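**Q** The amino acid sequence is not available; the structure is as follows:
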């Protein structure tokens, strides 16, 4: 006779423990709405609410959440000030109305696992983002993804300017030198030479930034399979067999690249 305390190999595995979430937002209506939304979803439980970064930190220390949802603008300790301390305790998903490019970039630099702007996602997408951020998968809504691409393009323009200045010191004399102006002045040389589409150029920028296929899919709101298809076409156009080789040509660090030929 089988011991009733011994599990049968035919028993269904127990369900995973629900994800423990903290909601940090200074607006009580937003907090209550998010708590009600998430509490009605299987596999997720809201273990605490917080009205500012300090409360979020204290709650995270005592409640040990799996994910922290964090607003940016809050009285007292704001989200960006609390972020470096919170990411040591749990993955952080920014959930905010703040859509400024500089804020998005700073939040990602400080360790946020994702950035969602209110009005750009559905309840199902929010739940998916929470679960994915817990697993280390990045999630960005359209505004955040656009901010990331803006930064990458600005950095590329700055690299172009530095390369031009080092070879022809007077090339930019009397011309605007801000990253935004440079990106408008200079045609996308690599994109034109390799005949990449706009989408392929965006994906190549993300590859060069070190993103995985999963992260690129999240940033561009496409499937991983679609990302792989784009990458295959990019590699064919760049005559490359690896991400490193493609990145070197794209950034102009190989002799055969457009910048390397200058």
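**A** Received it, and whenever you're ready, just let me know what you need. Bear in mind the structure is a predicted one, so any value in this text is a computation, not a measurement.

**Q** Which helix or strand contains residue 232?
**A** Counting by DSSP states H and E, the secondary-structure element that holds residue 232 is helix 224-238.

**Q** ah, wrong one, I meant residue 73
**A** Of the helices and strands defined by DSSP H and E, none includes residue 73.

**Q** can you tell me which residues contact it?
**A** With contacts defined as C-beta atoms under 8 Å, 6 or more residues apart in numbering, the neighbours of residue 73 are 26, 79, 96-98. To be clear about C-beta, it is placed using only N, CA and C from the backbone, and glycine gets the same treatment.

**Q** can you give me the offset of the helix or strand just after the helix holding residue 232 from its chain's centre?
**A** Secondary structure here is assigned by DSSP H and E; on that basis, the next helix or strand after helix 224-238 toward the C-terminus is helix 243-251. Taking the mean C-alpha point of helix 243-251 and that of its whole chain, the gap between them comes to 21 Å (C-alpha atoms, centre = their mean, to the nearest Å).

**Q** and the angle from helix 243-251 to helix 224-238?
**A** Compare the direction of helix 243-251 with that of helix 224-238 by axes from the mean of the first three to the mean of the last three C-alpha atoms, to 10 degrees and you get 60 degrees.

**Q** tell me what helix 243-251 is packed against?
**A** Of the remaining helices and strands, those touching helix 243-251 by 3 or more C-beta pairs under 8 Å, 6 or more residues apart in numbering; DSSP states H and E are helix 189-194, helix 198-208, helix 224-238.

**Q** Kindly calculate the angle that the last one makes with helix 198-208.
**A** Taking the same axes, to 10 degrees, one finds helix 224-238 and helix 198-208 inclined to each other by 90 degrees.

**Q** Offset the numbering so it begins at 39, please.
**A** Let's use 39 as the start, then, which means that last one is helix 262-276.

**Q** For helix 262-276, which outside residues touch it?
**A** So helix 262-276 is contacted by 232-234, 237-238, 241-242, 245, 251-252, 254-255, 258, 278-279, 283-284, 287-288 (C-beta under 8 Å, 6+ apart).

**Q** With the second one instead?
**A** Applying C-beta under 8 Å, 6+ apart, the contact partners of helix 236-246 are 186-187, 190-191, 194, 226, 229, 234, 253-254, 257-258, 265, 268-269, 271-272, 275-276, 281, 284-285, 288-289.

**Q** Between the contacts of residue 111, which sits nearest residue 170?
**A** residue 134 (17.9 Å; C-beta to C-beta).

**Q** Now that closest one: closest residue in space, sequence neighbours ignored.
**A** Of all residues not flanking residue 134 in the chain, residue 110 sits nearest, at 4.4 Å (C-beta to C-beta, 6 or more residues apart in numbering).

**Q** just residue 133 next, same as before
**A** residue 107 (4.5 Å).

**Q** how near is the one you found to residue 141?
**A** The spacing between residue 107 and residue 141, counted by C-beta to C-beta, to the nearest Å, is 16 Å.

**Q** How about residue 100?
**A** From residue 100 to residue 141 the distance is 28 Å (C-beta to C-beta).

**Q** what about the two, which has more around it?
**A** Neighbour comparison, residue 100 and residue 141: the larger count goes to residue 141, with 19 against 10 (by other C-beta atoms under 10 Å).

**Q** And the contacts of the strand or helix carrying the more buried one?
**A** Residue 141 belongs to helix 139-147 when elements are defined using DSSP H and E. Contacts of helix 139-147 from elsewhere in the structure, counted by C-beta under 8 Å, 6+ apart, are 110, 117-118, 121, 132, 136, 153, 181-182, 184-186, 188-189.

**Q** Just checking, which helix or strand succeeds it along the chain?
**A** Following the chain from helix 139-147 toward its C-terminal end, the next helix or strand by DSSP H and E is strand 152-155.
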